[in-house]
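Trainee: Return atomic coordinates for the entry below.
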Amino acid sequence: MLFSRKDLIKLLGPLIIEQILNVLVGMVDVVMVAAVGEAAVSGVALVDSISILIIQLLAALATGGAVVCSQYIGKQNLEAACHGAGQLITITMAFSLLFAGTALLGGRHLLNLIFGKAEEAVMNNAAVYFRITAFSYLFLALYNSCAALLRSMGNSRASMMASLVMNGLNIVGNAICIYGLHMGVEGVAIPTLISRIVAAMLMLIMITRPDNLIHVSDFRKLLPDRELMKNIMGVGVPSGLENGMFQFGKIALQSLVSTLGTAAIASFAVSSNLVTFHYLPGNALALGLITIVGQCIGAGEYEQAKQYTRKLILANYAFLVVICGIMAIFSRQIVSIYHLSSEASVLTRHMILMHSCGMLVWPLAFPLPNALRAGLDSRFTMVVSVFSMWAFRIGFAYLFVKVWQVGVMGIWWGMFIDWIFRAIVFSIRFHGFTSRVRQV
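Mentor: Here you go, the predicted model:
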């Protein structure tokens, strides 16, 4: 077997810790930003909805590079893996420059186009936050690329430590700027920029070390190579489109929720925030699948790729039994932290319980497709995911809410139908995995 139990723990452990840290730090960050004022919080929230989309696009491109490099490692072709690493950095930097340039040139006009006529104070704060954080896209691209490359060689501890430094700097910077210097929205944006710069520099230092399996120590590896770029983009672009459509779909559902009243809006926001804990192990294991399955495919060990995928999916279910069980049992106490109205509290608890049950199919709908992507089957996963998102999650949500008058619960029923469809299709596709897998 290519990966021992120790190897799996060494790869997956830091990924799980990193996912938990990101969620916890994100929650702390929201609390600290709230001290600046409602207009600042709203402005930051508007820009973050754009930033999340950009982050997902950059992460999708990084996934493409990780798949290619993992396969080359499996083939023991380390020269090609290093060349692929250079190409990934070139691609993501080019896209990040495009995103940053659009944000800086479009600025307030772009925000008005996307969000319409929000209050003047909100738009002023959003414009300031957008302008400062736009400079960080370049460093975010470098960080994502290097993190994906380090994970592809099994070194997830490095990205975990860099994430810890980045998030720690962000929190400390926010505390100094907001509570100490009493700055406005700039006190939120500047620490974000600085933390991303520092994290990117740390990752760049790591990826240039010649003792790594994959390293970029030669400038010539950054020069465009059409064939390698095609392979990376072949995975990255479909994944990016899939992530982009998913984000647009979430915005459409948020718009639908906004028509259902204050209790529905509050309960949906709180439950959506809390159930992110359900996804943490699966998201980490999905990242690990790219490395594990990619290396197995590169080595021609297709059956091993299937075995490891099954092991990680089963591990995901084991984590879910614990996490969903705790959240279901203590849902009343957890929801009480948010001081919601009695109506909103009841709705939130019901949604948490529903979500805990729905997680029975989630591992087959979301982590499992990463095994297909590692086998260069990302176009299929994109088509299925985009179709299912709009036909089932959004289509049925509107039917449940607008036609059948189910209320906010209808949003979740539509989501579960989406999950079930994906799980069935991807499970069938995975059954014939060895006959469809491709190598770079």
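
Trainee: Report all helices and strands that the helix or strand hosting Thr133 contacts.
Mentor: Per DSSP states H and E: Thr133 is located in helix 120-134. Helices and strands touching helix 120-134, by 3 or more C-beta pairs under 8 Å, 6 or more residues apart in numbering; DSSP states H and E, are helix 38-74, helix 78-115, helix 186-207. Every C-beta, even on glycine, is put in place using the N, C-alpha and C of the backbone.

Trainee: Out of the ones you listed, which gets nearest to Leu24?
Mentor: helix 186-207 (15.6 Å; C-beta to C-beta).

Trainee: could you give the angle of the closest one to helix 120-134?
Mentor: 20 degrees (axes from the mean of the first three to the mean of the last three C-alpha atoms, to 10 degrees).

Trainee: and the very next helix or strand once past helix 186-207, what does it pack onto?
Mentor: The helix or strand immediately downstream of helix 186-207 is helix 226-257, counting by DSSP H and E. Applying 3+ C-beta pairs under 8 Å, 6+ apart, one finds that helix 226-257 makes contact with helix 38-74, helix 78-115, helix 262-274, helix 378-388, helix 395-398, helix 409-431.

Trainee: Next, count neighbours for Ala266.
Mentor: Per other C-beta atoms under 10 Å, the neighbour tally for Ala266 reads 19.

Trainee: wait, Ser435
Mentor: 7.

Trainee: so it, which of the three states?
Mentor: Going by DSSP: H, G, I helix; E, B strand; the rest coil, the secondary structure assigned to Ser435 is helix.

Trainee: Report pLDDT for it.
Mentor: Predicted confidence (pLDDT) for Ser435: 84.

Trainee: quick thing: my sequence starts at 18, can you match it?
Mentor: All set: I'll call the first residue 18, so the last point we hit is now Ser452.

Trainee: what about it, distance to Gly124?
Mentor: Counting by C-beta to C-beta, to the nearest Å, the gap from Ser452 to Gly124 is 51 Å.

Trainee: Leu157 now?
Mentor: In terms of C-beta to C-beta, Leu157 sits 19 Å off from Gly124.

Trainee: okay, the two: which has more neighbours?
Mentor: Between Leu157 and Gly124, counted using other C-beta under 10 Å, the more crowded position is Leu157 (26 against 16).

Trainee: Who are the contact partners of the spatially most central residue of the chain?
Mentor: The centroid of the chain falls nearest to Gln73 when counting by C-alpha atoms, centre = their mean (5.7 Å). Shown in contact with Gln73 (C-beta atoms under 8 Å, 6 or more residues apart in numbering): Gly257, Asn260, Gly261, Phe263, Gln264.

Trainee: any chance of those residues in TSV, with distance to Ile108, pLDDT and neighbour count too?
Mentor: Listed next are the contacts of Gln73 as TSV, based on distance: C-beta to C-beta, whole Å; pLDDT from 0 to 100; neighbours: other C-beta atoms under 10 Å:
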residue	distance to Ile108	pLDDT	neighbour count
Gly257	11	89	23
Asn260	16	86	21
Gly261	16	84	16
Phe263	21	86	15
Gln264	20	82	18
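
Trainee: any idea which of these is closest to Asn187?
Mentor: The closest of the contacts of Gln73 to Asn187 turns out to be Gln264 (C-beta to C-beta; 21.9 Å).

Trainee: now the closest one, nearest residue through space, not along the chain?
Mentor: Excluding the flanking residues, the one nearest Gln264 by C-beta to C-beta, 6 or more residues apart in numbering is Leu70, at 4.7 Å.

Trainee: any idea how far Glu35 is from the one you found?
Mentor: On the measure of C-beta to C-beta, Leu70 and Glu35 end up 21 Å apart.
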